[in-house]
Each structure stands twice: as structure tokens, then as C-alpha cells.
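1. structure of the sequence below:
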Amino acid sequence: MYNIESIDRLQAKRIAGRIVPAIATTTATVSGLVTIELIKLLDKLPLEVYKNAFLNLALPVIVLSEPGPVEKTVIKEGLTTTMWDRWEVHGTADFTLQQFLQYFKDKYGLEVTMVSHGVKMVYVPFMPGHKKRLPQQMVKLLKPSSGQLYMDLIINLEGNEDDDIACPPVRYYFRV
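-> Prediction:
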């Protein structure tokens with residue numbers, strides 16, 4: 001099926017004997033590079049001193065490059081996010097969808113236009129029947145499994161010109 005040549009035991013041992021030192025060498029090299037970057041992180045050095053590394057010890061080649069700054073998304077003046085951000089909402093046992101939406105209005109001054117979990121649309125204001133969900137408890141709407149402490153939700157916010165603004169994922173904690 002794969003057209004792999006059969007080899008004898010001695011040849012297999014010879015090939016495997018080269019792999020073990022290569023794995024040890026590569027592991028040591030990667031560990032050293034990671035340690036150097038961690039020291040830079042602990043020293044809180046500027047972005048310019050950090051390096052990405054590509055290595056191929058078979059050639060031997062090590063190429064270092066400088067990472068660029070993370071792209072920032074402006075949600076509104078004074079509020080920017082990055083791909084690494086996550087917002088958190090700490091609910092209670094009786095926290096309702098209305099209270100969840102109000103949290104974003106109070107904290108960020110923006111209306112939530114959609115709440116979803118995976119492929120499930122939890123709240124979309126223009127969908128029939130979704131306005132009836134506002135007084136319902138988040139626990140009832142999201143249906144967490146037993147012992148689940150949080151769920152990651154995706155929300156959209158209303159922009160200035162009725163454009164939806166994608167924001168960071170929201171980690172909703174069921175109980176404080």
C-alpha cells in the first residue's frame with residue numbers, strides 16, 4: 001500500500017541508533033532556546049529582544065527572527081483587544097441572560113447583539129422567541145454538565161454604525 005521497502009533487523013537497528021541521539025540533541029537545543037526566552041520574559045525585557053527560532057540539526061541550520069507586536073482591534077475609543085485577550089463574567093446561580101447583557105452595557109457601554117456557545121445561538125435579538133429568553137437563568141440556557149465551572153461564549157457587540165463588533169471570547173463562570 002505505501003511501498004515501503006522491507007529491511008533486515010541489522011539495518012533497522014542502525015537507523016534507530018541514529019534517531020535516539022538526534023532526539024536527545026534536538027530536545028537539548030529546544031530546551032536551551034526556551035530557557036533563554038523564559039529568562040527574557042521574567043526580566044520583562046522589550047519585545048525587540050525576543051526571538052522565534054527555526055532549527056534543522058540535520059543541515060545544521062538555526063534561524064532566529066523577531067516576533068512582531070500583536071495586532072490590536074479597536075472596539076471603541078479607549079477599548080482595544082488582542083487575539084490573546086479573554087473577558088470574564090462571574091455569574092451566580094440565579095444570574096439571568098438579561099443581567100449578562102446588562103453587564104456589558106454597564107462595563108463597556110455597548111449593546112450585545114449575539115451570544116453563542118459553539119454552534120448554539122443562545123441569544124440573537126431578531127430571532128423569533130429569543131426575547132423570551134431574557135429573564136431565563138444562564139444555567140438553564142447553557143445547560144452545563146455536572147461539575148462544570150464555566151463555559152466559553154462568543155458575543156458580538158453593536159458598533160457605531162450598526163456594524164457588529166467581534167470581541168474576545170467570554171468565559172462565563174456559573175458560580176462566584
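
2. the longest strand anywhere in the chain pairs with which strands?
-> Identified as the longest strand of the chain according to DSSP state E is strand 150-158. Paired neighbours of strand 150-158 in the sheet (DSSP bridges): strand 112-117 (antiparallel), strand 164-166 (antiparallel), strand 170-173 (antiparallel).

3. among the ones you listed, which gets the worst mean confidence?
-> Among the strands paired with strand 150-158, strand 164-166 carries the lowest mean pLDDT, a mean of 83.

4. ok, residues contacting it?
-> Strand 164-166 has contacts (C-beta atoms under 8 Å, 6 or more residues apart in numbering) with 73, 75, 110, 113-114, 156-159. Any C-beta I mention is one placed from the backbone N, CA and C, and that applies to glycine too.

5. now the buried members of those.
-> 75, 110, 113-114, 156-157 (16 or more other C-beta atoms under 10 Å).

6. and residue 101, how far is that from residue 14?
-> 66 Å (C-beta to C-beta, to the nearest Å).

7. these two - which one has more neighbours?
-> More crowded of residue 101 and residue 14, by other C-beta atoms under 10 Å: residue 101, with 18 against 11.

8. I'd say residue 151 and residue 115 touch.
-> No - look at residue 151 against residue 115 with C-beta atoms under 8 Å: they stay out of range, at 10.8 Å.

9. can you pick out the residue with more neighbours from those two?
-> Applying other C-beta under 10 Å to residue 151 and residue 115 shows that residue 115 carries more neighbours, namely 26 against 18.

10. correct me if wrong: that one contacts residue 153.
-> Yes - Residue 115 is in contact with residue 153 according to C-beta under 8 Å; the separation is 5.9 Å.

11. show me where this protein has strands.
-> Per DSSP E, the chain carries strands over the ranges 52-56, 61-65, 73-76, 79-81, 87-90, 112-117, 120-123, 150-158, 164-166, 170-173.
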